[in-house]
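[1] Quick one: sequence plus predicted model below, questions after.
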Amino acid sequence: MSESKLTFKTFDLLTLPQISDDETKGALNALRYSYTHYDENEIVYACSFGIEGMVMIDLISKVKPDAKVVFLDTGLHFKETYELIDRVKERYPSLVIKLKKPTLTLEDQAKQHGEELWKSAPNKCCEIRKILPLREALSGATAWISGLRREQSETRKHTQFFNKDTKFESIKICPLIHWTWKDVWRYAHKHDLPYNVLHDNGYPSIGCAPCTSPAFNAEDMRSGRWTGTGKTECGLHQ
């Protein structure tokens, strides 16, 4: 790895790459730069397979058809999510899609921390089933790609194309920061992308089944996540 490469350690020393606008609001240019700047084993896309994820997968396939894609398989996702992953594998056969499972099975988690940990301690559940698996998936990687958009929530409105990720000590790349919800769906329909059918039933944001309900606030697309707990993020982006 060259000294001029953008890494967690060099982030504050280097001038961040300037991503020019394009027909995808800079997303394709950000991806082109990323897959050129980093070697194949240095970059991974962590995909949740929501509608933004489908757009990201399609864009990535145009730049790096055999890119590495990781899905954090908590064992608690909707069956519709797993069905979508199968459809994605058929449409993009060259992508290397890995379902990353936690070290603890749901049974072992229940024995150690009690039944339905997502109810009694949702942050702990997310740590075991999402944060630790992603940390393992990013071991050896320099950068990871996320589908975060500024419009999604207050906590995401300052996201840049390239971000210093202190949680995972890596570079977090967010190509869709300037996209609106309408932009995402316009692209999905234009390119006839497969997507989770739950999106058609009031679920703009889809996570684990026990912690995801239809959104109850039209102004907050994540209002259906961890309803009534005061929790707004799983911890991957905090």
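    Yep, it's here. Keep in mind that what you see is a predicted model, and the values were worked out from it rather than measured. Numbering: from 1, shown residues only.
[2] Strands along this protein, start to end?
    43-46, 68-72, 96-100, 143-145, 162-165, 170-173 (DSSP state E).
[3] closest one to Ala30 among the ones you listed?
    strand 170-173 (6.5 Å; Cβ to Cβ). Backbone N, C-alpha and C define where each C-beta goes, glycine included.
[4] quick check: mean pLDDT across that closest one?
    Here strand 170-173 scores 96 as its mean pLDDT.
[5] From here on, call the first residue 55.
    From this message on, residue numbering opens at 55, which makes the last subject strand 224-227.
[6] what helices or strands is it leaning on?
    Contacts defined by 3 or more Cβ pairs under 8 Å, 6 or more residues apart in numbering; DSSP states H and E place strand 224-227 against strand 197-199, strand 216-219.
[7] ok, now how distant is Arg240 from Lys79?
    Using Cβ to Cβ, to the nearest Å, Arg240 is found at 12 Å from Lys79.
[8] Looking at these two, which is more packed in?
    Lys79 (17 against 13; other Cβ atoms under 10 Å).
[9] Report the contact partners of the closest residue to the more buried one other than its chain neighbours.
    Leaving aside its sequence neighbours, Lys79 sits nearest to His232 (Cβ to Cβ, 6 or more residues apart in numbering; 4.2 Å). If you count contacts by Cβ atoms under 8 Å, 6 or more residues apart in numbering, His232 has them with 79-80, 203-204.
[10] As JSON lines, the strands of the chain with mean neighbour count and distance to His245 would be great.
    Output for those, formatted as JSON lines (neighbours: other Cβ atoms under 10 Å; distance: least, Cβ to Cβ, whole Å):
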{"stretch": "strand 97-100", "mean neighbour count": "25", "distance to His245": "18"}
{"stretch": "strand 122-126", "mean neighbour count": "23", "distance to His245": "18"}
{"stretch": "strand 150-154", "mean neighbour count": "15", "distance to His245": "19"}
{"stretch": "strand 197-199", "mean neighbour count": "25", "distance to His245": "19"}
{"stretch": "strand 216-219", "mean neighbour count": "19", "distance to His245": "26"}
{"stretch": "strand 224-227", "mean neighbour count": "24", "distance to His245": "21"}
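[11] Can you lay out these as a markdown table showing distance to Ile260?
    Shown next, in a markdown table, are the strands of the chain (distance: least, Cβ to Cβ, whole Å):
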| stretch | distance to Ile260 |
| --- | --- |
| strand 97-100 | 15 |
| strand 122-126 | 12 |
| strand 150-154 | 16 |
| strand 197-199 | 19 |
| strand 216-219 | 23 |
| strand 224-227 | 21 |
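[12] of all the ones you listed, which lies closest to Gly256?
    strand 122-126 (22.9 Å).
[13] quick check: angle from that closest one to strand 150-154?
    Put simply, strand 122-126 runs at 20 degrees to strand 150-154, going by axes from the mean of the first three to the mean of the last three Cα atoms, to 10 degrees.
[14] how far away is Leu68 from Ile225?
    According to Cβ to Cβ, Leu68 and Ile225 sit 11 Å apart.
[15] List the contacts of the residue nearest to Phe132 when sequence neighbours are not counted.
    Spatially, and ignoring its direct neighbours in sequence, Phe132 is nearest to Ala263 (4.9 Å; Cβ to Cβ, 6+ apart). With contacts defined as Cβ under 8 Å, 6+ apart, the neighbours of Ala263 are 130-132.
[16] swap in Thr159?
    Gly129.
[17] Next one: it relative to Leu130, how far apart?
    12 Å.
[18] Then Ile260?
    Ile260 sits 12 Å away from Leu130, going by Cβ to Cβ.
[19] These two: which is more packed in?
    The residue with more neighbours, out of Ile260 and Leu130, is Ile260; 23 against 16, by other Cβ under 10 Å.
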